[in-house]
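Engineer: This is the structure alone, sequence omitted:
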């Protein structure tokens with residue numbers, strides 16, 4: 001029996017979500033040593049309450065007692081390592097450069113034709129080393145508010161919308177919908193695989209169905225939207241391959257309990273918490289080995305309001321909102337720390353803390369001056385081989401962030417990675433010293 005496109009997509013249980021394409025929207029709308037095999041990269045924009053003075057950025061509120069206090073209060077201090085002295089300096093706005101290069105330490109490429117070029121991110125090296133049915137998972141809050149970026153004519157929004165890159169010219173789109181994450185992990189596993197397998201037997205792919213409908217609108221898209229659409233279609237293709245593997249029984253999903261579809265949450269905190277819980281579930285089920293989570297885009301502009309603050313994250317970080325800026329920024333910092341602490345707690349509950357390292361940080365330190373030395377980073381996990389419960393490095397002894405990824409590669413058994421990053425951001429062979 002022939003199955004039309006609408007019926008196939010409806011019955012397969014695989015829900016497809018197009019990215020927001022501005023061109024089509026009216027302008028008014030808008031191991032421990034014995035075996036770590038899982039990685040989570042977590043991103044916060046616009047830095048912390050730190051101060052650049054005398055050529056260096058101090059530690060500011062990036063301490064166990066202040067910004068990280070919620071994690072300590074949750075009982076996870078001994079699973080947390082504060083990283084000091086990391087730097088990632090290049091001649092572009094760090095909102096763009098150090099978001100795109102958050103896990104790659106590769107300079108972005110800018111120009112009038114707006115090419116989107118960065119570098120393969122660390123999470124993808126982990127995915128290569130420890131292959132899983134879905135390869136990797138990439139989650140976020142929202143895409144950047146386009147109106148904000150008008151003063152950066154050659155800065156593609158792709159650079160602030162993702163921290164994951166398959167290759168230099170292949171940014172990986174975040175999934176910003178809770179329902180989409182649920183469908184790709186759980187519904188697809190239960191129902192979609194059989195239909196998708198049948199479609200394969202007819203030599204027709206899910207992406208072929210989708211692209212037939214998209215061809216008609218491609219000519220009306222802006223350059224940015226074409227870039228978003230390319231990343232989206234690549235994501236659909238990867239989802240198709242992942243579900244096909246599950247249909248063949250490739251993947252340890254026997255103990256993968258269905259947590260239920262929470263639906264799309266309009267509240268920011270609920271959104272983040274559900275995404276994190278699904279991410280941990282996917283890791284526990286061995287559906288993925290690598291996850292990235294963005295608590296906001298690379299700017300953190302006006303669309304995200306935090307309780308008790310009244311202004312946007314970006315404005316607080318740049319201290320332009322008056323005397324309430326510093327308390328407001330610290331409040332946001334602690335809120336994100338609360339989310340990260342909850343993530344650590346879930347890893348503990350699911351027995352993943354010994355197998356997983358979670359790296360959380362930002363694209364700059366002092367947002368007022370866009371400083372990119374002594375970047376606020378922490379590493380979470382467990383094991384006596386690493387300096388959990390302590391600090392690694394010194395704030396005024398600069399170490400390239402790329403050198404951290406070389407150290408992490410050794411922890412993951414990727415001994416072939418002896419250098420990381422590119423250009424002036426490339427590793428210099430200077431250890432931060434995360435080992436005990």
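Structural biologist: Done, it's in. Not measured: the values here are computed from a predicted model.
Engineer: List the residues that contact the closest residue to residue 371 other than its chain neighbours.
Structural biologist: Nearest non-adjacent residue to residue 371, counting by C-beta to C-beta, 6 or more residues apart in numbering: residue 52, 4.1 Å away. No exception for glycine: its C-beta is placed from N, CA and C like everyone else's. Neighbour list for residue 52: 365, 366, 368, 369, 371, 373 [criterion: C-beta atoms under 8 Å, 6 or more residues apart in numbering].
Engineer: what's the answer for residue 138, then?
Structural biologist: Counted by C-beta under 8 Å, 6+ apart, residue 138 has contacts 162, 164, 172, 173, 174, 175, 291, 292.
Engineer: any chance of those residues in JSON lines, with secondary structure too?
Structural biologist: Shown next, in JSON lines, are the contacts of residue 138 (DSSP: H, G, I helix; E, B strand; the rest coil):
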{"residue": "162", "secondary structure": "coil"}
{"residue": "164", "secondary structure": "coil"}
{"residue": "172", "secondary structure": "coil"}
{"residue": "173", "secondary structure": "coil"}
{"residue": "174", "secondary structure": "coil"}
{"residue": "175", "secondary structure": "strand"}
{"residue": "291", "secondary structure": "strand"}
{"residue": "292", "secondary structure": "strand"}
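Engineer: Going along the chain, name the helices of the stretch 151-300 of the chain.
Structural biologist: 158-161, 178-182, 193-201, 206-218, 223-247, 268-284 (DSSP state H, counting those that start in this stretch).
Engineer: Check these for me: which has the lowest mean pLDDT.
Structural biologist: For these, mean pLDDT drops lowest on helix 193-201, to a mean of 46.
Engineer: how deep is residue 407 tucked in, by neighbour count?
Structural biologist: 20 (other C-beta atoms under 10 Å).
Engineer: State the distance from residue 282 to residue 338.
Structural biologist: 22 Å (C-beta to C-beta, to the nearest Å).
Engineer: which one of those two has more residues nearby?
Structural biologist: residue 282 (24 against 18).
Engineer: So which of the contacts of residue 52 is the closest to residue 316?
Structural biologist: Closest approach to residue 316 among the contacts of residue 52 (C-beta to C-beta): residue 368, at 10.4 Å.
Engineer: Next, the contact list for the residue nearest to the closest one when sequence neighbours are not counted, please.
Structural biologist: Nearest residue to residue 368 in three dimensions, chain neighbours excluded: residue 319, at 5.0 Å (C-beta to C-beta, 6+ apart). By C-beta under 8 Å, 6+ apart, the contact list for residue 319 reads 325, 326, 329, 367, 368.
Engineer: so which pair among the residues you listed is furthest apart in space?
Structural biologist: Between all members of the contacts of residue 319, the farthest pair (by C-beta to C-beta) comes out as 326 and 367, at 11.3 Å.
Engineer: Show me which of these two is the more surrounded one.
Structural biologist: residue 367 (29 against 16).
Engineer: The more buried one and residue 420, how far apart?
Structural biologist: 26 Å.
Engineer: can you map out the strands along this protein?
Structural biologist: 38-44, 52-53, 56-57, 80-83, 86-87, 136-140, 165-167, 170-171, 290-294, 356-362, 377-380, 391-392, 399-400 (DSSP state E).
Engineer: So which of these is nearest residue 187?
Structural biologist: strand 136-140 (15.0 Å).
Engineer: tell me the angle that closest one makes with strand 38-44.
Structural biologist: 20 degrees (axes from the mean of the first three to the mean of the last three C-alpha atoms, to 10 degrees).
Engineer: how big is the angle separating strand 136-140 from helix 268-284?
Structural biologist: 170 degrees.
Engineer: Give me the distance between strand 136-140 and the centre of its chain.
Structural biologist: Averaging C-alpha positions (C-alpha atoms, centre = their mean, to the nearest Å) puts strand 136-140 6 Å from its chain's average.
Engineer: and the angle from it to strand 290-294?
Structural biologist: 10 degrees.
Engineer: Now do the buried residues in strand 136-140.
Structural biologist: 136, 137, 138, 139, 140 (16 or more other C-beta atoms under 10 Å).
Engineer: can you check stretch 365-380 too?
Structural biologist: 365-368, 370-380.
Engineer: Same question for stretch 117-131.
Structural biologist: Quick answer for stretch 117-131 (16+ other C-beta under 10 Å): 117-127, 129-130.
Engineer: will you turn these into JSON lines that also has pLDDT and distance to residue 286?
Structural biologist: Shown next, in JSON lines, are those (pLDDT from 0 to 100; distance: C-beta to C-beta, whole Å):
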{"residue": "117", "pLDDT": "93", "distance to residue 286": "33"}
{"residue": "118", "pLDDT": "96", "distance to residue 286": "29"}
{"residue": "119", "pLDDT": "97", "distance to residue 286": "28"}
{"residue": "120", "pLDDT": "98", "distance to residue 286": "23"}
{"residue": "121", "pLDDT": "98", "distance to residue 286": "21"}
{"residue": "122", "pLDDT": "98", "distance to residue 286": "20"}
{"residue": "123", "pLDDT": "98", "distance to residue 286": "16"}
{"residue": "124", "pLDDT": "98", "distance to residue 286": "18"}
{"residue": "125", "pLDDT": "98", "distance to residue 286": "18"}
{"residue": "126", "pLDDT": "98", "distance to residue 286": "14"}
{"residue": "127", "pLDDT": "98", "distance to residue 286": "13"}
{"residue": "129", "pLDDT": "97", "distance to residue 286": "14"}
{"residue": "130", "pLDDT": "97", "distance to residue 286": "9"}
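Engineer: which one of these sits closest to residue 277?
Structural biologist: Closest to residue 277, out of all of those and judged by C-beta to C-beta, is residue 123, at 19.1 Å.
Engineer: Relative to residue 58, how far out is the closest one?
Structural biologist: Taken as C-beta to C-beta, the span from residue 123 to residue 58 is 30 Å.
Engineer: Repeat that for residue 177.
Structural biologist: 39 Å.
Engineer: repeat for residue 285
Structural biologist: For residue 285, the distance to residue 58 - C-beta to C-beta - is 42 Å.
Engineer: Who has more neighbours out of those two?
Structural biologist: residue 285 (22 against 16).
Engineer: Now residue 326. Nearest residue, chain neighbours left out?
Structural biologist: residue 49 (5.8 Å).
Engineer: The one you found contacts residue 332, doesn't it?
Structural biologist: No - using C-beta atoms under 8 Å, residue 49 is not in contact with residue 332, being 9.4 Å away.
Engineer: Sketch out the low-pLDDT regions of this protein for me.
Structural biologist: Scanning the chain for pLDDT under 70 picks out 1-34, 145-151, 153, 188-256, 302-310, 320-324.
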